[in-house]
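1. how does the following fold in three dimensions:
(chains A and B)
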Amino acid sequence: MPPPQLWISVFELGCFAGLVGLGYFLILRGAGLFMFALGPLAMFSAMLGSWLLVEYELPLVVPVLAGIVCVVLFAALVEVLIVRPIQERAGGEELPAIVAVVAVLFATQQLAGTLFGRRPLPGRPWITAGPFRLGDVVISGQAVVLGVVTIVVYGAMMLWMSRSHYGRMLRAVGDNQRAAHTLGLPVSNIRIVAFALAGGVAALAGSLFSAKAGVAFQSGLSWTVAGFLALIVGGLGRVWAPLVGGLLVATMQTMAVFYFGPAMLNYATFVMAFLFFMFRPKGIFAPRVRI
Amino acid sequence: MSDHLDTTTAEAASRPATTAGPGRRGPVLEVFGTLALGVVAFLFVGDSPFRQDLAVLTATYALLALGMYIPFIMSGGLSLAYNAYLGAGAYAVAIVGTRTEMSTVLAIPIGMAVSATIAVILGLATRRLSGFYLAGVTLLFGLAFETFLSDADPITGGAAGIPGIPQTEVFGVILTRPTIVAISILSVWVFGVLLSRLRRSPYGVAVRAKRKVPEAVEASGISVPLLVLVALGLGAGVASIGGSLYAMMNGQILPETFTLSVVFLAVFMPLLGGRQSPWGAVLGAVLVVIFTFGLTLFRSTGSLVFAVAVLLVLRLAPNGLLGFVTALAGRLSRRMSGASL
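-> Numbers count the residues shown, from 1 in each chain, chains lettered A, B, ... in the order given. Sure, this is the predicted structure:
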């Protein structure tokens, strides 16, 4: 029987993977591609924040906001300058866009490594309150913040996707970009909004999660994998599917490490992705097409 | 500086191949022109131990990129598990060299067989995936392989790697460092020429057609899954040779050499150099080594400069440097013939 404290780790990791997965979800629905660079973008926000804290000792709000604003702009620029032109030129072929996304991933990693150094930087908790005791379990203040932010972000996104004008248009573009274009929807603007929002969510997640174990320029790749897996397991059928996926993946990863040692993490992750692709390629909550 | 000269001549030499004209002179010029460049590269390396290491590293990168050429550039499926194939070749040499009495030369075919087997099994398992999903799953496989190298101590030596690989001996003759440099350059040349021919063979035409119209290829009675599996197996074998040569040259291997970073570099090589010919991948490998090791100016920021260069090329010159030069040369020659008329 795993100790109850372990479930706090599962919760933190699950919320984080769920947030990055939500970023993937937004770009997949709004622009039809897997933005593998979201992990490094989250890392960039966390690194920038920590670096500002260490170098200039600013009040916490400034570095966190700076990280988020930078990444939102960065993500929108990636869409305008790189992804969209390359996708348009490719004429329906997928490979050039994949390569472009991988190139952005690599470039973001190297940029962070060059700007903020190649050594890991410490994170900073958002609140000083805590830790709270609940029976045998110790909950850090940061875990509470992470949980609250995750719920708020997911709630806001669900409302936005179902109620707002732009959110509904985003879903229309994801269903059929050409049809949306024919109907006169502002497809390019919607895509930029999708990228910017996803960048913002990923940046927030990175900044929050880095308080747990710090951040290094290579962290981005494992964060990319965490979000990717959350979306694969969760599916695209519901807005909150990536959160369920993230929590499941976090449970599996944490238990694998607990029972079989740290080396098991990457093996178990690969096997889990693999099993889902073989038997449930659309995830747990598969999108259903209503006619 | 002479590296830059080399690359410009490389572009000139392989130009007939990229335009793929019907003339008979093209292939001959390509074969002998690239061989001449290989000889020039060998003479340039000379006795400098630093240049010898860089030459073998370049050849390793080039073989890795050439291995990815068929499945990635020709067939259009991005598998990121190539660190496993490179690693299999290198660890085969290390394990055969340190734990058996056999010559490490025999490890090369062993590494190729192991790599090809992994590639075919992974290919079978992912045969229904394409695009982003294929890239994602093979990325996870690459990460799992990284863990395997640094964790499975009894087999791979763990984080310390495998030191003390004995010098390679063939029929009682020890292969010296210059000999390994020569073999490396020769291997790149041989596989460059072979792939260039393969690209224009019936198999190559079918693979390239599969990239855009798989249904048409399937309808012509060619099995697309088989086509892809053969491409993956061949590519893994070629990449494995690169790993083997690297291990022979260095005499020791560490797990951090075979991380996904090296795969990312290899993905960008053919894009930077040019996709129309395997020589573009080789040119890309040369550029990577110049950027990351050769120029002191870029030593700390080499990877960043390289990543930005890749993004610029992707955006502005989608056919890579070879394609850019070919187009420029075509325009120039047209203008000159226009002037003479």
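
2. only C-alpha atoms from now on, for both contacts and neighbour counts.
-> Will do.

3. and the pLDDT for the one residue in the stretch 151-300 of chain B that gets nearest to chain A?
-> Closest residue of the stretch 151-300 of chain B to chain A, CA to the nearest CA: B:Asp151 (6.5 Å). On the pLDDT scale, B:Asp151 is placed at 82.

4. distance of it from B:Tyr91?
-> 14 Å (CA to CA, to the nearest Å).

5. okay, those two: which has more neighbours?
-> Ranked by neighbour count (other CA atoms under 10 Å in any protein chain shown), B:Asp151 and B:Tyr91 place B:Tyr91 first, with 28 against 18.

6. contacting residues for that one?
-> Contact analysis of B:Tyr91 by CA atoms under 8 Å, 6 or more residues apart in numbering or on different chains lists B:111, B:156, B:243-244, B:247, B:253.

7. pLDDT-wise, what's the bottom of these?
-> Lowest pLDDT of those: B:Thr156, 80.

8. isn't that one up against B:Thr147?
-> No: judged on CA atoms under 8 Å, B:Thr156 makes no contact with B:Thr147 at a distance of 10.7 Å.

9. count the neighbours of the residue lying closest to B:Val238 once chain neighbours are set aside for me.
-> Residue nearest to B:Val238 in three dimensions, not counting chain neighbours: B:Gly67, with 4.9 Å by CA to CA, 6 or more residues apart in numbering or on different chains. A count of nearby residues for B:Gly67, using other CA under 10 Å, gives 31.

10. ok, now how distant is B:Gly67 from chain A?
-> With distances taken as CA to the nearest CA, to the nearest Å, B:Gly67 is found 17 Å from chain A.

11. and that residue, what does it touch?
-> Shown in contact with B:Gly67 (CA under 8 Å, 6+ apart): B:234-239.

12. from those, which single one is nearest A:Gln110?
-> Comparing those against A:Gln110 with CA to CA places B:Ala239 closest, at 24.9 Å.

13. which residue, other than its chain neighbours, is closest to the closest one?
-> B:Leu64 (4.3 Å).

14. what's the pLDDT at that neighbour?
-> At B:Leu64, the model reports a pLDDT of 93.

15. helix or strand: which one has it?
-> helix B:49-68 (DSSP states H and E).

16. how far off centre is the helix or strand following that helix?
-> Per DSSP H and E, the first helix or strand lying C-terminal to helix B:49-68 is helix B:82-99. Chain-centre distance of helix B:82-99: 17 Å, with CA atoms, centre = their mean, to the nearest Å.

17. then stretch B:313-323?
-> When distances are taken as CA atoms, centre = their mean, stretch B:313-323 is centred 18 Å away from the chain's centroid.

18. and it, does that touch chain A?
-> Yes: on the criterion CA under 8 Å from any CA of the partner chain, stretch B:313-323 is in touch with chain A at B:314-315.

19. export that stretch to CSV, keeping only CA atoms.
-> Extracted C-alpha coordinates of stretch B:313-323, given in CSV (Å, rounded to 0.1, in the frame of the first residue of the first chain):
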residue,chain,number,x,y,z
VAL,B,313,16.1,27.8,-43.7
LEU,B,314,12.7,26.1,-43.1
ARG,B,315,10.9,29.4,-43.5
LEU,B,316,12.9,31.1,-46.3
ALA,B,317,14.7,28.3,-48.3
PRO,B,318,12.5,25.2,-48.0
ASN,B,319,14.8,23.2,-50.3
GLY,B,320,17.8,23.7,-48.1
LEU,B,321,21.2,25.1,-49.1
LEU,B,322,21.7,22.7,-52.0
GLY,B,323,18.3,23.6,-53.4
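
20. in it, which residues are buried?
-> Buried residues in stretch B:313-323, counted by 16 or more other CA atoms under 10 Å in any protein chain shown: B:313-315, B:317-323.

21. what mean pLDDT does it get?
-> Per-residue scores along stretch B:313-323 average to 81.

22. next: stretch B:200-211.
-> Averaged across stretch B:200-211, pLDDT comes to 88.

23. export it to CSV, keeping only CA atoms.
-> Output of stretch B:200-211 as CSV, limited to C-alpha atoms (Å, rounded to 0.1, in the frame of the first residue of the first chain):
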residue,chain,number,x,y,z
ARG,B,200,16.0,6.9,-58.3
SER,B,201,15.5,3.1,-58.3
PRO,B,202,12.0,1.6,-58.6
TYR,B,203,11.9,1.1,-54.8
GLY,B,204,12.9,4.8,-54.3
VAL,B,205,10.3,6.0,-56.6
ALA,B,206,7.6,4.0,-54.8
VAL,B,207,8.7,5.2,-51.4
ARG,B,208,8.7,8.8,-52.6
ALA,B,209,5.3,8.4,-54.2
LYS,B,210,4.0,6.9,-50.9
ARG,B,211,4.8,10.2,-49.2
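
24. that one: how far from the chain's middle?
-> The chain centroid and the centroid of stretch B:200-211 are separated by 19 Å under CA atoms, centre = their mean.

25. only the buried residues of it, if you could.
-> Residues of stretch B:200-211 classed as buried: B:204, B:206-211 (neighbour count, 16+ other CA under 10 Å).

26. next one: stretch A:128-143
-> Neighbour-count burial for stretch A:128-143 flags A:139-143 (criterion: 16+ other CA under 10 Å).

27. quick one: distance of that stretch to the chain centre.
-> Here stretch A:128-143 is found 25 Å from its chain centre; the criterion is CA atoms, centre = their mean.

28. list the contacts of it.
-> Stretch A:128-143 is contacted from outside by A:4-5, A:8, A:12, A:125-127, A:208, A:211-212, using CA under 8 Å, 6+ apart.
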